[in-house]
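>>> take a look and give me a structure for this.
(chains A and B)
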Amino acid sequence: MSKIINIAYWEFTERVKRKYFIISTLLTPLFLIALGYFSGVVNLSTDEKPQMIGLYNYSEIPFANFQIAFDNVQLPNNQPKYILVDVTKDVINNDGNIAILENYVESQNLAAVVIVKSDSINNVSSTLITKYPKSHNEILLLEAILNQAKYLSNEVYESIKITQSPTSEIFEHKTEAELVNQFYDSFVLLILLLASILFSGGLFVRGLAEEKSNRIIEILLSSCKVNDILLGKILGLSLLGLFQILIWILLGYTFLSNYIFINNADFLTLQIIFFLLGYLFYTSVFVGLGSLVNSEYDSQQLTTNISIFLLVPIILALQIIEYPNSILAVTLSFFPLTSAPVMLLRFNTSVIPDWQIITAILSLLFFTGLFIFITSKIFGKGLLLFGEKSPYTKLLKWITSKNE
Amino acid sequence: MLSINNLTKRFGKTLAINNISFNVDSGNIFGVLGPNGAGKSTILRSILNIIQPNSGEILIDSLPHNKFNSDKIGYLPEDRGLYQRSRVDDVLKYFGKLKSLSKSDVNNKIEFWSNKFELQHQLSKYVYELSKGNQQKVQFLISIIHDPDILILDEPFTGFDPINQKLILEIIKDFESRGKIILLSTHMLELAEKFCSEIILINEGEKIISGNLSEIKSNYNSSKYLVEFTGDTESLNSSEMIHELNFENGKLKLTAESTTRSSQLLNFLISKGEVSHFQKLEPSLTDIFFDSINKVKQTEQ
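Predicted coordinates:
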């Protein structure tokens, strides 16, 4: 165990001191700030108009409180985001028929109707009726507004949660500004994940190529078991990634908190889980395939090949954000090479069914375990390949062979 | 004791070593000798458990080699290299700790050996800032920093100047005197015969000869002579007894035909002139190596 820790410590400390690591760790947030600035400029330049929201208020909270809370939210162009209309009298006799309410929303040219009801013990429930389902971010915003209205009254209520109707998304209608915001929010985490994987993975593979080309690996192999080296390197690389992410989180909270984290607070835990699982999966890929490289050129080629898979979510990002529950988005969520980045994109833009989250987590765990198993098979043999041009052809033989 | 029994290793269709066996006792320097590509490094890597032989057995103190504590083995690979962008003291600490040395032990050893190798002012430098010779010293230091019971050195003198070769040799001799097992491979046969007590000579993966070096030499029938001769040297060239004739520092160095006896040769020389010095030369390892290979080839034909 002490050898694993020694190797992990070495891998971590030697890479964390490298200029490449320090520069990449600092440059990535700068890139994101630039992207955020661009996003803000686009946002301001879009001609977003106030939305008419109908309030069906069947609670003890006065309409005026809702009015104040809704008026507090403004668009970047300083216009109010919502214009609140009291529709309580108009829909009082509809018996909660969703279809009729949807027709009502459309006939009155409303963006939505918010139904607020309180029961005998003053618990308040709220249902949002829209023709097109609202994004998760906007639901959070509306909940915040309703809770603000609640605090303005003297009554004591539980926190208000909104149930959206219809719950199934037929078509998500998003404004350009919404798309730009969601694109940026989602992209921040995606870029951080990809940057983290590629920077630390690239450093690792280059280090392994150096160890092989100057035969340091022989001294390591004569001092430790292959699996000790494998685990030590995975642990060191994981620590390196976590350290980099920690720096970014601290920088993010310090400089970018308004852009990134506030809207995503509810999903932060799940996002971190997918971030870590994605990082661990790609770490195992880098360690396994990294053992096959012999030179700086090989290591660059490998990093390029892996980054092709990571580019898929970037290329499809806009489509995934606009249609987060499309077959493409859901399928890519379960495919291990794209699962983590795609899920990070989807979290900000849609309510993801629990079964999809669980399946994606299980898929990532399974394939990470599988890849570590495969890596343990090829790592030792790959380390002793010096100068062979295409060891990839031997992979299947190694994987299916019994351990010696 | 280190025992190698019937070791065979193939790389694909290539037979790297074939049925190699030898024993190395404590307090001995054992030479694994042969030309480049003979299979020397394959034997060393098999002992170190870096590669797995196809057949055969390696025992260290009666234990299978993969059960033996690797912390008691020091290894200097043939191809040298270090972490170029790391500090020298960090590299030494890393490998010392990998051999299970405590932090204080590592620091003490680094201080002792860096003084011995005159590296004390290089410790805080990055490896790439060191001269090639100093990098070689650091690498050698890595192999001995934990005072191993078994020292395996692959071409240990390559890249060292004569002064440092002497220093390395002194350290190896010190390990020998302290009862350690020392196994070294080299293709520099002249150098090896100066300090190896036992050897195995291999070529193309096959054992040519093995055993105690003195016994090997005494059993070998040398046909080389050093002669101080004044007389008709032209007539010597035409003799059937003499295979090869060279002048070296005013003396004749000649190789007799294998069937020629010393007394026959001396009588022949006296008949042709005045002989003031006649000495049968001890065979060098290089002589033995080439002769042995020739014999193997002749047998195969």
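
>>> get me the contact residues on the stretch 151-300 of chain B for chain A.
For the stretch 151-300 of chain B, the contact set with chain A under C-beta under 8 Å from any C-beta of the partner chain comprises residue B:152. (C-beta placed from N, C-alpha, C; glycine too.)

>>> regarding the residue lying farthest from the centre of chain B, what is its secondary structure?
Residue farthest from the centre of chain B, counting by C-alpha atoms, centre = their mean, is residue B:271 at 42.9 Å. Put simply, residue B:271 is helix when judged by DSSP: H, G, I helix; E, B strand; the rest coil.

>>> against chain A, how distant is it?
Applying C-beta to the nearest C-beta, to the nearest Å, the value for residue B:271 to chain A is 60 Å.

>>> and for the residue of the stretch 51-200 of chain B found nearest chain A, the neighbour number?
Residue nearest to chain A within the stretch 51-200 of chain B (C-beta to the nearest C-beta): residue B:81, separated by 2.0 Å. Using other C-beta atoms under 10 Å in any protein chain shown, the number of residues around residue B:81 comes to 19.

>>> now for residue A:380: which residues touch it?
When contacts are counted by C-beta atoms under 8 Å, 6 or more residues apart in numbering or on different chains, residue A:380 touches A:221, A:226, A:230, A:291.

>>> now swap in residue A:231 and tell me
Contacts of residue A:231 by C-beta under 8 Å, 6+ apart are A:4, A:7-8.

>>> again, only using 7 Å
Residue A:231 is in contact with residue A:4, counting by C-beta atoms under 7 Å, 6 or more residues apart in numbering or on different chains.

>>> likewise for residue B:65?
Per C-beta under 7 Å, 6+ apart, neighbours of residue B:65: B:47, B:49, B:58-59.

>>> just residue A:64 next, same as before
Shown in contact with residue A:64 (C-beta under 7 Å, 6+ apart): no residues.

>>> list the buried residues for the helix or strand hosting residue B:287?
Secondary-structure assignment from DSSP states H and E places residue B:287 in helix B:285-300. Across helix B:285-300, burial judged by 16 or more other C-beta atoms under 10 Å in any protein chain shown covers B:285, B:287-289, B:291-293.

>>> between those, which sits nearest residue B:266?
Ranked by distance to residue B:266 (C-beta to C-beta), these are led by residue B:287 at 20.8 Å.

>>> look up how far chain A lies from that closest one.
For residue B:287 relative to chain A (C-beta to the nearest C-beta), the value is 33 Å.

>>> now that residue: how far from residue B:219?
Distance of residue B:287 to residue B:219, computed by C-beta to C-beta, to the nearest Å: 13 Å.

>>> now swap in residue A:26 and tell me
Distance of residue A:26 to residue B:219, given as C-beta to C-beta: 71 Å.

>>> now chain A against chain B: closest residue?
Residue nearest to chain B within chain A: residue A:214 (2.0 Å; C-beta to the nearest C-beta).

>>> report the contact partners of that residue.
By C-beta under 7 Å, 6+ apart, residue A:214 lies in contact with B:79, B:81-82.

>>> let's see the pLDDT reported for it.
Per-residue pLDDT puts residue A:214 at 79.

>>> returning to that earlier point: tabulate the contacts of residue B:65 (TSV), appending neighbour count.
Shown next, in TSV, are these (neighbours: other C-beta atoms under 10 Å in any protein chain shown):
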residue	neighbour count
B:47	25
B:49	19
B:58	20
B:59	16
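
>>> could those be laid out in TSV, adding secondary structure and distance to residue B:15?
Output for the contacts of residue B:65, formatted as TSV (DSSP: H, G, I helix; E, B strand; the rest coil; distance: C-beta to C-beta, whole Å):
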residue	secondary structure	distance to residue B:15
B:47	helix	18
B:49	coil	21
B:58	strand	18
B:59	strand	23
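
>>> reformat those as JSON lines; add distance to residue A:287.
Formatted as JSON lines, the contacts of residue B:65 follow (distance: C-beta to C-beta, whole Å):
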{"residue": "B:47", "distance to residue A:287": "27"}
{"residue": "B:49", "distance to residue A:287": "21"}
{"residue": "B:58", "distance to residue A:287": "29"}
{"residue": "B:59", "distance to residue A:287": "34"}
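
>>> just those now: which is nearest residue B:193?
Nearest to residue B:193 among the contacts of residue B:65 is residue B:47, at 22.3 Å by C-beta to C-beta.

>>> before we move on, the earlier item: next up, phi/psi of the residue of the stretch 51-200 of chain B closest to chain A, please.
The phi/psi pair for residue B:81 (degrees, to the nearest 10) reads phi -180, psi 160.

>>> show me what contacts the residue farthest from the centre of chain B?
By C-beta under 7 Å, 6+ apart, the contact list for residue B:271 is empty.

>>> over to residue B:43?
Contacts of residue B:43 were listed using C-beta under 7 Å, 6+ apart, and they are B:7, B:17, B:20, B:32.

>>> of the residues you listed, closest to chain A?
Taking C-beta to the nearest C-beta as the measure, chain A lies nearest residue B:7 of these, at 15.0 Å.

>>> SS state for the closest one?
Under three-state DSSP, the three-state class of residue B:7 is strand.

>>> can you tell me which helix or strand residue B:44 belongs to?
helix B:40-47.

>>> domain map for chain B?
B:2-218, B:223-281 (automatic domain parsing).

>>> next, the distance between the ends of stretch B:70-81.
For stretch B:70-81, the first-to-last residue distance is 21 Å (C-alpha to C-alpha, to the nearest Å).

>>> need the residues that contact it.
Residues outside stretch B:70-81 that contact it (C-beta under 7 Å, 6+ apart) are A:214-216, A:218-219, A:222-223, B:41, B:48, B:99-100, B:136, B:139-140, B:143-144, B:146, B:148-156, B:159.

>>> any buried residues in that stretch, and which?
For stretch B:70-81, burial by neighbour count (16+ other C-beta under 10 Å) applies to B:70-78, B:80-81.

>>> likewise stretch B:237-255?
By neighbour count on 16+ other C-beta under 10 Å, the buried set for stretch B:237-255 is B:239, B:241-242, B:251-252, B:254-255.

>>> ok, of these, which one's closest to residue A:33?
Among the buried residues of stretch B:237-255, residue B:255 lies closest to residue A:33 (C-beta to C-beta), at 82.5 Å.

>>> report the separation between the residue nearest to the closest one when sequence neighbours are not counted and residue B:257.
Of all residues not flanking residue B:255 in the chain, residue B:244 sits nearest, at 4.0 Å (C-beta to C-beta, 6 or more residues apart in numbering or on different chains). Per C-beta to C-beta, residue B:244 is found 10 Å from residue B:257.

>>> host element of residue 106?
Reading this off chain A. Assigned by DSSP H and E, residue A:106 belongs to helix A:98-107.

>>> wrong chain, I was asking about chain B
Take DSSP H and E as the rule and residue B:106 turns out to sit in helix B:103-116.
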